[in-house]
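1. Sequence isn't available, so here's the structure alone:
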């Protein structure tokens, strides 16, 4: 029997414990001796839970129990989660996590500690929830020269954009609904301002380029500027609005990462990804486009991805994989180098006269906004135009 | 250095050799010592090729060279390919293949030979071309109770259906175009009659249920009965026409596999998969729906998947995986048990009176066919209706 511990008995943590208990048959196909959760770390007690007797508030007891060979860190944050993860890895205990914040801030260090101690730091669940993504990228596509990764990486905002489009509703109304349904947090800023998506594309970018991509250096905007008229304009242009994380790698190996609202053509495979679903398109030179689609969040899907990592940690010693990145910072973005076509929204009486504006659509919708499409230009050039023409919102075209 | 041999210097074989040569940088991230093709087996000679000096017609030289630790079998067929694969595995040399015919007919035996000799038989490229699919299914979703797999598994027919829909063209005209563009073989029967898709869904079904699913027991029809009017009828019903392989597993673990033309709702993620692309939806109890999308065929994409397997074979000894199936036959289909909604096409003057016909659409299109939608019924019941009402074509609804 392989003994595991789960740090944090919240939504994902309880999902992990239940999955390991309920799907032991499936688990034994991959790990014939079976897997058993021996401890759950939480400062609360759970007298009603069938797993309540496993709960302890003593991390030292867990990490010093020689039975424990794998730990799931699903408590979140970068404080105690960091200390516990580092401590476990230092003792050769592999750690599986869904904690994207910790992965992007301390991942390089933690992977290096793991390598020194012949164990692994796994984080399949940190990007794309239940979607198999990190392992396919690092194993099935290891031979590929990746030139682009484009993803719908935040289910909350994709749900909101889908409702806004389908119902013509405002951002504020849809946010309230999303909060009532539990799809959005009470403080929704990490989602709606794009920071969550930004962390996730930064994790993928770090993995691909092998150096730390700092999300603080990635241009990041969210969906707070999106208004109902924008969906009408998108429709007129044969596009859908999506919040994307977008990574491009040019022939010199320069990487550029952005997060923000995009106009994407309706025929693009990401265009039909509605509601809380996530999807990530990866472009490799040989394999061309591949896309991975599924539930990017939620208790069961996220728990499933954490347990997939537990099976890997328990079943084999694949430490030879090229998986991981170094702590040295990779330049994440150069506003003069990376080129996009942009769409700018202005008020109805604003001028649209500029050499880099190639098309004007409008007035559109109730408020009669004008939509100005630029040539393929740098962000620096776009910012100049946006300032001079009083743009209220900016979209990139995919 | 890891030494490999490639059996068959055709389209995929030359792609494999070129990829390993050109992308050595990428390969060394996963296998630091690098990989080198030492032999290419072919009965032809290639004096013009930069790899011509590697070509030999002597398999014994390859399999008896102690340098060789991995072999790519990309020659196709079940004759020499089978003998060579078995011989290599018997000597502990892992084999990576794109040969779906060999995998579905002899896979169980070959995996058992591999297990006895502490090596592996890899076949990522046999289903879905370049799409990472077999490894995500067997590793990332190993903890999942899979209840359904539905896939667009044949690029030729998906390309033809896309052209027929977009241009209102007939099957015969589109087939000619596809043959001219090299998307269809001169003898297109394996594609258009559904046998290729049937083999691929049978490989996935065998992997999931752990026993041999015989494609000969899987009901299989292709797209030869599809006419332009059908696309108009599909549009009226909010559907797209796709050739699908469909696997269902019920609560008792009974499996049912079919291959044939389906009507799928436009909002379904498979509905927007156009042209030569393939996609596979997998439903797991915890993870819900996940989908994998990409190029299902073609030299570079298929070669990429073969090389992904070479990296696995070269880089690690993950023999503990639950990957594989036994030779004993699994019952693949019961026409009285599995239930679908069906759509039957009849001539314009045919009667449509039957208790299980729930809706009639038509006359539709130039030829004025009638389209009869059934209740959710067994195939046995559907066949009775189809016979009594002179149905010309049958679709399942997804």
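-> Everything's here; your move. Predicted, not measured: the structure shown is a model, and the values here were computed from it.

2. now for the helix or strand in which residue A:84 is found, which elements pack on it?
-> Element membership for residue A:84, per DSSP states H and E: helix A:80-90. For helix A:80-90, the packing partners by 3 or more Cβ pairs under 8 Å, 6 or more residues apart in numbering or on different chains; DSSP states H and E come out as helix A:59-63, strand A:68-73, strand A:94-97, helix A:100-116. Using the backbone N, CA and C atoms, a C-beta is placed for each residue, glycine as well.

3. tell me how far it is from the chain's mean position?
-> Distance, stretch centre to chain centre, for helix A:80-90: 22 Å (Cα atoms, centre = their mean, to the nearest Å).

4. picking that back up, now the helices and strands packed on helix A:80-90 in JSON lines, with mean neighbour count and distance to chain B?
-> Listed next are these as JSON lines, based on neighbours: other Cβ atoms under 10 Å in any protein chain shown; distance: least, Cβ to the nearest Cβ, whole Å:
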{"stretch": "helix A:59-63", "mean neighbour count": "16", "distance to chain B": "22"}
{"stretch": "strand A:68-73", "mean neighbour count": "25", "distance to chain B": "13"}
{"stretch": "strand A:94-97", "mean neighbour count": "28", "distance to chain B": "12"}
{"stretch": "helix A:100-116", "mean neighbour count": "20", "distance to chain B": "13"}
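
5. if we compare the ones you listed, which one ends up closest to residue A:14?
-> Nearest to residue A:14 among the helices and strands packed on helix A:80-90 is strand A:68-73; the distance by Cβ to Cβ comes to 11.4 Å.

6. Output the contacting helices and strands for the closest one.
-> Going by 3+ Cβ pairs under 8 Å, 6+ apart, strand A:68-73 lies up against strand A:2-7, helix A:59-63, helix A:80-90, strand A:94-97, helix A:299-315.

7. The ones you listed: lowest mean pLDDT?
-> Of all the helices and strands packed on strand A:68-73, helix A:299-315 carries the lowest average pLDDT, namely a mean of 94.

8. by how many degrees do the helix holding residue A:84 and helix A:100-116 diverge?
-> 20 degrees (axes from the mean of the first three to the mean of the last three Cα atoms, to 10 degrees).

9. Between the helices and strands packed on strand A:68-73, which one is closest to residue A:25.
-> Per Cβ to Cβ, nearest to residue A:25 of these: helix A:299-315, 13.1 Å.

10. Could you see whether chain B lies near the following helix or strand past the closest one?
-> Later in the chain than helix A:299-315, the nearest helix or strand by DSSP H and E is strand A:326-329. No: shown here: strand A:326-329 not in contact with chain B (Cβ under 8 Å from any Cβ of the partner chain), separated by at least 12.3 Å.

11. one step back: now tabulate the helices and strands packed on helix A:80-90 in CSV and tack on distance to residue B:230.
-> Below are these laid out as CSV (distance: least, Cβ to Cβ, whole Å):
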stretch, distance to residue B:230
helix A:59-63, 61
strand A:68-73, 50
strand A:94-97, 48
helix A:100-116, 46
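
12. quick one: which of those is nearest residue A:20?
-> strand A:68-73 (9.1 Å).

13. Name the residues that touch the closest one?
-> Contact with strand A:68-73 is made by A:2-8, A:13, A:16, A:38-39, A:62-63, A:81, A:84-85, A:88, A:93-97, A:99, A:102, A:306, A:310, A:313-314, as judged by Cβ atoms under 8 Å, 6 or more residues apart in numbering or on different chains.

14. pLDDT of it, averaged?
-> 97.

15. now do stretch A:160-167
-> For stretch A:160-167, mean pLDDT is 96.

16. buried residues in that stretch?
-> A:160-165 (16 or more other Cβ atoms under 10 Å in any protein chain shown).

17. which ones among those are found in helices?
-> A:160-165 (DSSP state H).

18. Could I get the residues you listed in a markdown table, plus columns for distance to residue B:286?
-> A markdown table is the format used below for these (distance: Cβ to Cβ, whole Å):
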| residue | distance to residue B:286 |
| --- | --- |
| A:160 | 25 |
| A:161 | 26 |
| A:162 | 24 |
| A:163 | 26 |
| A:164 | 30 |
| A:165 | 29 |
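
19. Nothing else from me, thank you.
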